[in-house]
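Asker: pasting the structure only:
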């Protein structure tokens, strides 16, 4: 157990340092957790309306579920491959800290929890273009609605697990798994809103996992 004073450790976990020397630039790296809801919530609504004008309700729901499933896989692999790719030094190490390292060093800072729009918007546009190409002009809006809804669930759930005390068994279990990822073993537990992918891909971080050592 750490011998670091409780108040000092609590402050360090909560208060992350500036990521840029310029206060103006640094302001864009600190994001309230409801910003994605304000930004992408209307997009989801528009996509649902357009999807229902082009597809039957069962088809639209089916495509939306496909989009949600694609989000859960994106959440897992983005977290595992991109966020936890840790170069030893140089520009790569700096980028890693900017993208995800700062969250692991200061996991209780509420403004360093969701992806800044400057990064999330281009990424979202890339996925929308991909869905338009793969699913065609009729189905892509429903897929996009499901995908972005999954993203919003993930962001708000992630905030909740860090800053609230869950009262349900499922919530407590999700929080336990995520805290294990942060404070015990960050090579397991990549699925935050969809921890079942950790079981599928062999990175389950719960107390019942098999150890190879």
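Answerer: Yep, that arrived. Quick caveat, the model's predicted, so the values are computed rather than measured.
Asker: return the set of buried residues in stretch 121-135.
Answerer: 124, 127, 128, 131, 135 (16 or more other CB atoms under 10 Å). From N, CA and C alone the C-beta is placed, and that goes for glycine too.
Asker: dump those residues to JSON lines, plus distance to residue 45, pLDDT and secondary structure.
Answerer: Listed next are the buried residues of stretch 121-135 as JSON lines, based on distance: CB to CB, whole Å; pLDDT from 0 to 100; DSSP: H, G, I helix; E, B strand; the rest coil:
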{"residue": "124", "distance to residue 45": "15", "pLDDT": "96", "secondary structure": "helix"}
{"residue": "127", "distance to residue 45": "18", "pLDDT": "97", "secondary structure": "helix"}
{"residue": "128", "distance to residue 45": "15", "pLDDT": "97", "secondary structure": "helix"}
{"residue": "131", "distance to residue 45": "17", "pLDDT": "98", "secondary structure": "helix"}
{"residue": "135", "distance to residue 45": "19", "pLDDT": "96", "secondary structure": "helix"}
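Asker: and which of those is nearest residue 199?
Answerer: residue 127 (25.1 Å; CB to CB).
Asker: spatially nearest residue to the closest one, not counting backbone neighbours?
Answerer: Distances taken as CB to CB, 6 or more residues apart in numbering place residue 147 nearest to residue 127, at 6.4 Å, with adjacent residues excluded.
Asker: can you redo the buried residues of stretch 121-135 as TSV with distance to residue 34?
Answerer: Below are these laid out as TSV (distance: CB to CB, whole Å):
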residue	distance to residue 34
124	17
127	22
128	22
131	25
135	29
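Asker: hmm, who's touching stretch 27-40?
Answerer: With contacts defined as CB atoms under 8 Å, 6 or more residues apart in numbering, stretch 27-40 is touched by 19-20, 98, 110-118, 120-121, 124, 148, 151-152, 155-156, 159.
Asker: from these, which land in helices?
Answerer: Counting by DSSP state H, the contacts of stretch 27-40 place 117, 118, 120, 121, 124, 148, 151, 152, 155, 156, 159 in helices.
Asker: separation between the third one and residue 148?
Answerer: As for residue 120, its distance to residue 148 is 10 Å (criterion: CB to CB, to the nearest Å).
Asker: more crowded one of these two?
Answerer: Using other CB atoms under 10 Å, the more surrounded residue of residue 120 and residue 148 is residue 148, with 23 against 18.
Asker: my guess is that one contacts residue 43, does it?
Answerer: Yes: assessed by CB atoms under 8 Å, residue 148 is found in contact with residue 43 at 6.1 Å.
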